[in-house]
Structure formats: C-alpha cells, structure tokens
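Participant: Need coordinates for the following:
(2 chains)
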2 protein chains.
Amino acid sequence: MTTNTVVNGVDVDQLVETVGAIQAEPEIANFRFRAHNEWINGGHSKTTIQSFYGAGQEDESRNEPIVLESDEPPVLLGEGKGANAVESVLHALASCLSVGFAYNAGAKGTQVDGMEMDLEGDLDLHGFLGLSEDTRPGYDNIRVTCKVSTDASEDQLAELSDHVQKTSPVLDLLRNPVPTSVHLEKMA
Amino acid sequence: MTTNTVVNGVDVDQLVETVGAIQAEPEIANFRFRAHNEWINGGHSKTTIQSFYGAGQEDESRNEPIVLESDEPPVLLGEGKGANAVESVLHALASCLSVGFAYNAGAKGTQVDGMEMDLEGDLDLHGFLGLSEDTRPGYDNIRVTCKVSTDASEDQLAELSDHVQKTSPVLDLLRNPVPTSVHLEKMA
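Facilitator: Take a look at the predicted model:
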C-alpha cells in the first residue's frame, strides 16, 4: 500500500503521472472546452458548462451542469443579477493564476499556506457604446497583486511567478491574440 | 407622465440618456472593475466581486458580493467544485456577446425573441504543463455560434453582428493583446 504525495491539495504523484502520460502520448493533451449560453432579458444571461473533451475522451465527471449567471449593474442598464462579462474575465484570470501557483508550487514541493489576489481593470465605455473608433472596447490594462503565505524564499517566489506567468492559459489569452470566430444565424 | 421605451428588456431611453451624458462629459465613461480571489485548496478558489468605479463615482448597487467558485475537474487534478478558468473565459465571452446583441438590437428597435450561443475552444495542455515552449498555454482558437430568434432581415442581422463584434469588450480582449501586470509578494 502506498500513499500519494499531496502538496497544496495537489496530488503531485498524479501530476507526475499525467505529465508522463502526455509525454508518451502527446495527443491526450488536446482539450476542447465548451459553454452554452441562453439570453434571458436585457443584460441578463445564463451560461451552462458541463461536458468537455480531454485526455482522449469525453469527460463524464459532471452529473449536473455548472450554471453561471451574468448581468449588468443598474448603471449599465441591467438588474445586477450577476457579475458582468468583463468582471468575469477578472474571475477567470484570478482562478487561472491561483491554479498555476498552487500546482507549480506543489510540483516543486513548495508549500503554500494561503494566497489572495486583487485584480483591477480599466475600461473606457466609449468603445462598447460605439462612440469612438479610437477607443478599444476592452480593458486598457489589467493589474494583479497576489499575496502568498509561504516559507519559500523571495528568489523561489520570483522564479515561481515567472514560470506561472509563462504558462498561465488565461494570462496568455489576455496578453496575446486568440483567433475567435463568431457566426450568427437566425433561429429556425 | 411618460413611459420609457423598453426593447429586449433594455430601457432604450436610459441608453440614449447615458450616451448623451458621456458625450457631454467624456470622463464618466471611465470604469474600473475589480475582483478579489482567495485560494482554498488545490485547483479550488473563490472570487468575490462587488465594488466598481464608474459614471464618476463608486458604485453602491451591490449590498452583497457576487461569489464565483472555480476548480479543475478530476482529470486535471481538481475536485470539480466549479468551472475552470478557461471555461470561465467562454462564459465571459458568451455573456458579453449576449449583452452586445440585446443592447444594440434594442437601440435599433430590433426585437429579439430569443438567443442561444454555443462556444468551444481548443487548448493543448503542453503549454500549461510547461512541456513545450512552442505551445501557447491558452486557447489556439475559439468558435462561437449564436442563434437569434427575430423578425429582423438577414442583412440587418449581419450589420448587427458586425457592430457587436467591433464593440464587444471581451471579444476585443481575446482578439487583441491587453497589457496585464502580475505582482507577487509574500503575505505579511
């Protein structure tokens, strides 16, 4: 009987196995994530997330869909029934960096006792409202401050931060362009 | 006594007023959105979203924070307690396009009776796992199919789609780079 090594809640033995499996069979690293959204009214919509493809098969771990609601606050003509789209982007970035730090620290045997992040992004509404062609609709910039409680040295933390920033999926999506197609059709 | 014009649940008179107010005083279009994230364990973290700055003041419409949980599925070493970070990106994009279509159709007096979206994104885990410098960590591409139930003509819909794609904050964030800084420090 053996016990797996778990650091930061991350099963490091399983992580090493996953890496080994991908090195032996690179195509199992190809994942396809999905979401379905239904508009409710005004700024209010509901996203359901359940299936995805990865590790060579359709994932079946979720018995129920995950439901996320989105809405604009009243000042942006909504009813405040959820975070709005650009706030959800900050959530996505935060959760991505959080996983990145916890997993990569775990892989190095560095224990994290706690971690908190504050994020902010500046956005000029002239873009979304179509009032200026010179103003981008999205964030001009995003700033993240991450505080980690750990015994790791400053040097180890700096190295970890570099690695996480190089390998974070959502940070990459923000810092670099993603080809994104939008196809609109009339409902039958 | 007057009654506001509401199309697609969007108060079009308020929208016109907002546009007028911004044209008179451009700096009220400067918004700053925020999020706070606390790591729980492994891939599991919790984001709280409440305050933001916009329209010249701190918003006070939310009495309680909005809480969003994120986790990885078991195949990615998590416990499946929420959508993961890259799935949250699809949610952000869906909700952004949904608002964009509903508001811009409303502004043109085009009634939307229903709207649904399916999104998918392809991601190669070699990047996140640090197994290849040539593989980007984020999505290689994202595809959105949006079905709209409306009496608008195909031409009107195509024009609407062009406008929404030009002005969508999250689509812009994905298609174009956003300067994003990450500062890591040890917790006191």
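Participant: pretty sure A:Asp113 is touching A:Lys147, no?
Facilitator: No: using CB atoms under 8 Å, A:Asp113 makes no contact with A:Lys147, being 11.3 Å away. From N, CA and C alone the C-beta is placed, and that goes for glycine too.
Participant: So which of those two has more stuff around it?
Facilitator: A:Lys147 (15 against 11; other CB atoms under 10 Å in any protein chain shown).
Participant: Longest helix in chain A, please.
Facilitator: In chain A, assigned by DSSP state H, the helix with the most residues is helix A:85-107.
Participant: and the angle for that one with helix B:85-107?
Facilitator: For helix A:85-107 against helix B:85-107, the angle by axes from the mean of the first three to the mean of the last three CA atoms, to 10 degrees is 180 degrees.
Participant: Helix A:85-107 and chain B, are they touching?
Facilitator: Yes: using CB under 8 Å from any CB of the partner chain, we find that helix A:85-107 touches chain B at A:85-104.
Participant: quick one, what contacts A:Asn141?
Facilitator: By CB atoms under 8 Å, 6 or more residues apart in numbering or on different chains, A:Asn141 lies in contact with A:Gly121, A:Asp122, B:Val178, B:Pro179, B:Thr180, B:Ser181.
Participant: Then it would be within a strand, right?
Facilitator: Yes: using DSSP: H, G, I helix; E, B strand; the rest coil, the assignment for A:Asn141 is a strand.
Participant: what is it paired to in the beta sheet?
Facilitator: A:Asp122 (DSSP bridges).
Participant: Can you list the buried residues in stretch A:159-177?
Facilitator: Neighbour-count burial for stretch A:159-177, counted by 16 or more other CB atoms under 10 Å in any protein chain shown, picks out A:160-161, A:163-165, A:167-174.
Participant: Which of these fall in strands?
Facilitator: With strands taken from DSSP state E, there is no overlap with those.
Participant: As JSON lines, those residues with pLDDT and distance to chain B would be great.
Facilitator: As requested, the buried residues of stretch A:159-177 are arranged in JSON lines below (pLDDT from 0 to 100; distance: CB to the nearest CB, whole Å):
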{"residue": "A:Leu160", "pLDDT": "96", "distance to chain B": "8"}
{"residue": "A:Ser161", "pLDDT": "97", "distance to chain B": "4"}
{"residue": "A:His163", "pLDDT": "97", "distance to chain B": "7"}
{"residue": "A:Val164", "pLDDT": "98", "distance to chain B": "8"}
{"residue": "A:Gln165", "pLDDT": "98", "distance to chain B": "6"}
{"residue": "A:Thr167", "pLDDT": "98", "distance to chain B": "5"}
{"residue": "A:Ser168", "pLDDT": "98", "distance to chain B": "6"}
{"residue": "A:Pro169", "pLDDT": "98", "distance to chain B": "4"}
{"residue": "A:Val170", "pLDDT": "98", "distance to chain B": "5"}
{"residue": "A:Leu171", "pLDDT": "98", "distance to chain B": "6"}
{"residue": "A:Asp172", "pLDDT": "98", "distance to chain B": "4"}
{"residue": "A:Leu173", "pLDDT": "97", "distance to chain B": "4"}
{"residue": "A:Leu174", "pLDDT": "98", "distance to chain B": "5"}
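Participant: quick one on the thing from earlier: now do the longest helix of chain A, average pLDDT.
Facilitator: For helix A:85-107, the mean per-residue pLDDT is 97.
Participant: can I get the CA coordinates of that helix in CSV?
Facilitator: The C-alpha coordinates for helix A:85-107 follow below in CSV (Å, rounded to 0.1, in the frame of the first residue of the first chain):
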residue,chain,number,x,y,z
ALA,A,85,-18.7,40.0,-18.7
VAL,A,86,-15.6,41.9,-18.0
GLU,A,87,-15.8,41.2,-14.3
SER,A,88,-16.0,37.5,-15.3
VAL,A,89,-12.7,38.0,-17.2
LEU,A,90,-11.1,39.1,-13.9
HIS,A,91,-12.5,36.0,-12.2
ALA,A,92,-11.1,33.8,-15.0
LEU,A,93,-7.7,35.3,-14.7
ALA,A,94,-7.7,35.1,-10.9
SER,A,95,-8.7,31.4,-10.9
CYS,A,96,-6.1,30.6,-13.5
LEU,A,97,-3.2,32.2,-11.6
SER,A,98,-4.4,30.6,-8.4
VAL,A,99,-4.3,27.1,-10.0
GLY,A,100,-1.0,28.0,-11.6
PHE,A,101,0.7,29.0,-8.3
ALA,A,102,-0.8,26.1,-6.3
TYR,A,103,0.1,23.4,-8.9
ASN,A,104,3.5,24.6,-9.8
ALA,A,105,4.5,25.3,-6.1
GLY,A,106,3.2,21.8,-5.3
ALA,A,107,5.3,20.3,-8.1
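Participant: what separates it from the chain centre, distance-wise?
Facilitator: On the basis of CA atoms, centre = their mean, to the nearest Å, helix A:85-107 sits 5 Å off its chain's mean C-alpha point.
Participant: Quick check: closest non-adjacent residue to A:Ser161.
Facilitator: The shortest distance from A:Ser161 to any non-neighbouring residue, by CB to CB, 6 or more residues apart in numbering or on different chains, is to B:Leu184 (4.2 Å).
Participant: for that neighbour, helix, strand, or coil?
Facilitator: Secondary structure of B:Leu184, per three-state DSSP, is strand.
Participant: any idea how far it lies from A:Val10?
Facilitator: For B:Leu184, the distance to A:Val10 (CB to CB, to the nearest Å) stands at 18 Å.
Participant: Likewise for A:Gly130?
Facilitator: For A:Gly130 relative to A:Val10 (CB to CB), the value is 45 Å.
Participant: Please say which of those two ends up with more neighbours.
Facilitator: Neighbour count, other CB under 10 Å: between A:Gly130 and A:Val10, A:Val10 has more, with 24 against 16.
Participant: what sits against the more buried one?
Facilitator: Counting by CB under 8 Å, 6+ apart, A:Val10 has contacts A:Ala102, A:Tyr103, A:Gly106, A:Ala107, B:Gly42, B:Gly43, B:Leu77.
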